[in-house]
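Q: Need a 3D model of the sequence below.
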Amino acid sequence: MRPLNLALGLAFAILAAPGCGDGTPGVTPPVPSPTPGPRDVVVGPHTGPTQITFLAAEPAPGSTITGCGASAAGCSGRVRMRFRLLSASGGPVLDAIGFLHATNKLACYRGSTGPIDLQAGVASDLEIVFDQPDTAACGIPASIANMKVVLSAPIETDGLQEWAIQYELRP
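A: Okay, here's the model as predicted:
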């Protein structure tokens with residue numbers, strides 16, 4: 001057998017071998033590195049020693065959310081997001097507060113967590129539900145353009161992260 005045919009035959013045998021990506025339990029497919037970022041989310045300014053990373057949102061960024069009615073109260077609680085915190089020193093966080101700002105730069109929605117105790121060098125995931133509307137600042141229809149998460153914490157664990165993000169809110 002010629003070397004090229006031998007190489008092709010060997011490659012085929014490896015790919016066809018049982019347990020290699022055929023759904024056999026215990027075989028984990030590789031995760032792309034770096035993991036692709038969420039659509040319509042652009043990382044902005046950051047301050048403080050704690051790293052705040054956007055993980056996911058429901059509904060996905062870039063979505064149009066309908067059925068809000070005439071005020072921001074009609075979409076209260078319909079957006080939830082997950083974030084990851086990483087602190088080199090660890091320590092307490094009173095709460096994490098998230099804001100969704102409309103194109104008028106006013107916060108349409110706010111969401112917060114309870115207290116969090118960060119362990120040094122250990123990632124901690126949290127979820128924020130944007131369930132506190134500011135109906136005076138945000139009418140419907142509205143275009144969300146920015147998001148901010150602020151950690152209420154001592155200087156060792158504080159942090160602030162901003163992102164450009166898109167949502168359309170409709171009656």
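Q: for Gly48, what are its contacts?
A: 151, 158-160 (Cβ atoms under 8 Å, 6 or more residues apart in numbering). Quick note: C-beta positions are derived from backbone N, CA and C, even for glycine.
Q: Just the buried ones from the residues you listed?
A: Those of the contacts of Gly48 that meet the buried threshold are 151, 158-159, by 16 or more other Cβ atoms under 10 Å.
Q: In strands, which of the residues you listed appear?
A: Mapping the buried ones among the contacts of Gly48 onto strands (DSSP state E) picks out 151, 159.
Q: Nearest to Thr47 among the contacts of Gly48?
A: Nearest to Thr47 among these, counting by Cβ to Cβ, is Leu160 at 4.7 Å.
Q: low-scoring stretches of the protein, by residue?
A: 1-39 (pLDDT under 70).
Q: which stretches of it form strands?
A: Under DSSP E, the chain gives strands at 41-47, 51-58, 64-65, 80-86, 91-93, 95-102, 107-112, 116-118, 124-129, 132-133, 142-152, 159-169.
Q: could you dump those strands to JSON lines with distance to Ala73?
A: Shown next, in JSON lines, are those (distance: least, Cβ to Cβ, whole Å):
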{"stretch": "strand 41-47", "distance to Ala73": "25"}
{"stretch": "strand 51-58", "distance to Ala73": "19"}
{"stretch": "strand 64-65", "distance to Ala73": "13"}
{"stretch": "strand 80-86", "distance to Ala73": "17"}
{"stretch": "strand 91-93", "distance to Ala73": "28"}
{"stretch": "strand 95-102", "distance to Ala73": "14"}
{"stretch": "strand 107-112", "distance to Ala73": "10"}
{"stretch": "strand 116-118", "distance to Ala73": "28"}
{"stretch": "strand 124-129", "distance to Ala73": "14"}
{"stretch": "strand 132-133", "distance to Ala73": "5"}
{"stretch": "strand 142-152", "distance to Ala73": "12"}
{"stretch": "strand 159-169", "distance to Ala73": "11"}
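Q: Tell me the buried residues in stretch 103-117?
A: Neighbour-count burial for stretch 103-117, counted by 16+ other Cβ under 10 Å, picks out 107-113, 116.
Q: What of stretch 139-147?
A: Buried residues in stretch 139-147, counting neighbours by 16+ other Cβ under 10 Å, are found at 139-140, 142, 144, 146-147.
Q: Could you do stretch 62-77 as well?
A: 63, 65, 68, 71-72, 74-76.
Q: Domain map for the protein?
A: According to automatic domain parsing, the chain comprises the domains 1-30, 31-169.
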